[in-house]
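>>> Here is my input, please return the structure:
(one chain, ligands or ions: 1)
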Amino acid sequence: MFSEFLEKIKKYQKIGVISHIRPDGDCLGAQVALSRWLKKKGIDAAAYNDDEVPENLQWLLDFFPVEKPTARHFDTCDLFICLDGNSLARFGLFEEWIEGKKIPVWMIDHHPNPQDHFELSISVEDASSTCELVYKLISEDNPAFLDAETAKALYTGIITDTGSLQFESVSPETVEIVAELMRLGKFTPNEIIEVIYSNKSIGQLNLLSRALQSIRLFENNQIAVMSVTKEMLELTNTTPPDTEGFVTYPLSITGVKAAVLMKDFYDDGVRISLRSRSSIDVNIWARELQGGGHKKAAGAWHKGPLELAIKDLIQIGAKQLGKSDTTSS
Ligand SMILES: [Mn+2]
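Numbers count the residues shown, from 1 in each chain. Below is the predicted model of the structure:
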């Protein structure tokens, strides 16, 4: 699958490796691993992201620095590789900068419906994570390039993108890759998972408590909606990234097929996180609200106010619940 990628990459001098805005474990793990691999191959690489790296993932930057890019940084690259996103709109400043330029852009990603402005794409919707694809790329090239740091970075991405190996996207091969990464990295799961997940502030738990109280059920208890408002953030002295992972709580209620987290604390409207644990395809919901993602996890946006956003979303959800009831039974 990677032969063309491996053959063509040799002719470039300096590659800009870009991860998506509001970075997560998968895009950062893939970015660190890919950049280290390039350097080992003797190709210069720089890793860029417009946004702050979340605190629990900062340790990855010891393995490879991720810089906030400017046009001057981009000017030094003769190829770009976008990771964990399949549309340029996911890559911040880069989208604007690259417009009209002849410099090639490649991508490695696992989201559905990739846009076609990439000269070369490794796009595998079934893959658990971009890190799984980067692992396969490096092993196909030369497994000797998978050192301990690279193994830890790739493990982080696979774990964070699969709810610690719980999601449907996890194949036996994913688990085999994880086993191999543990051998290569000489770590135990708790070493990394505790750093990623067990570092919450009391404020974050207070915020979670308020968010849990906000949960409402719709459509015969099949859709659960949780809301976090600006006041809740202020009262608990927390920030938007502190809502990370909240949406799994409404999803764990008996009978709930899809869960929604309404983030009502942005100036330009309500950001919506969608999760499904059924045949419900929340990517379809998201697409009706200027968003997208996967069948089981997607993001969307509504201009607000909150109550209207909930009403519109439930309307979209009800439509699909109706459809899936008739087709799945
Ligand atoms: Mn991903």
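>>> Neighbours of whichever residue of the chain sits closest to the ion, how many?
Closest to the ion within the chain is D26: 3.5 Å, counting by CB to the ion. For the C-beta atoms, the positions are set from N, CA and C on the backbone; glycine is no exception. Residues contacting D26 under the criterion other CB atoms under 10 Å number 28.
>>> How about the one 5 residues further on?
Using other CB under 10 Å, the number of residues around Q31 comes to 31.
>>> With Y155 instead?
27.
>>> Could I get the buried residue list for stretch 11-19?
Neighbour-count burial for stretch 11-19, counted by 16 or more other CB atoms under 10 Å, picks out 12, 15-19.
>>> Equivalent analysis for stretch 197-214, please.
Buried residues in stretch 197-214, counted by 16+ other CB under 10 Å: 204, 206-208, 210-211.
>>> Farthest-apart pair in the buried residues of stretch 11-19, please.
Pairwise distances across these (CB to CB) peak at 18.6 Å, for the pair Y12 and S19.
>>> Which ones among the buried residues of stretch 197-214 map onto helices?
204, 206-208, 210-211 (DSSP state H).
>>> just the residues you listed that are near the ion?
Among these, no residue sits close to the ion (CB under 5 Å from the ion).
>>> Intersect the buried residues of stretch 11-19 with the contacts of the ion.
Near the ion, by the rule CB under 5 Å from the ion, you find none of the buried residues of stretch 11-19.
>>> Just give me the closest of these to R275.
Distances from R275 to these, taken as CB to CB, are shortest for S19 (22.1 Å).
>>> and that closest one, how far is that from A153?
Separation of S19 from A153 (CB to CB, to the nearest Å) stands at 12 Å.
>>> any shared contact partners between those two?
28, 30 (CB atoms under 8 Å, 6 or more residues apart in numbering).
>>> In terms of residue numbering, what are the domains of the protein?
The chain breaks down by automatic domain parsing into domains covering 3-197, 202-328.
>>> per-residue confidence averaged over the last one?
The predicted model assigns domain 202-328 a mean pLDDT of 93.
>>> One more: the first one?
Rounded to a whole number, the mean pLDDT of domain 3-197 is 97.
>>> Do me a favour and get the end-to-end distance for it?
This stretch, domain 3-197, spans 37 Å end to end (CA to CA, to the nearest Å).
>>> tell me the contacts of I159?
So I159 contacts 25, 165, 178, 189, 192-193, 196 (CB under 8 Å, 6+ apart).
>>> Just the ones in helices from those, please.
When DSSP H is applied, the contacts of I159 are split such that 25, 178, 189, 192-193, 196 fall in helices.
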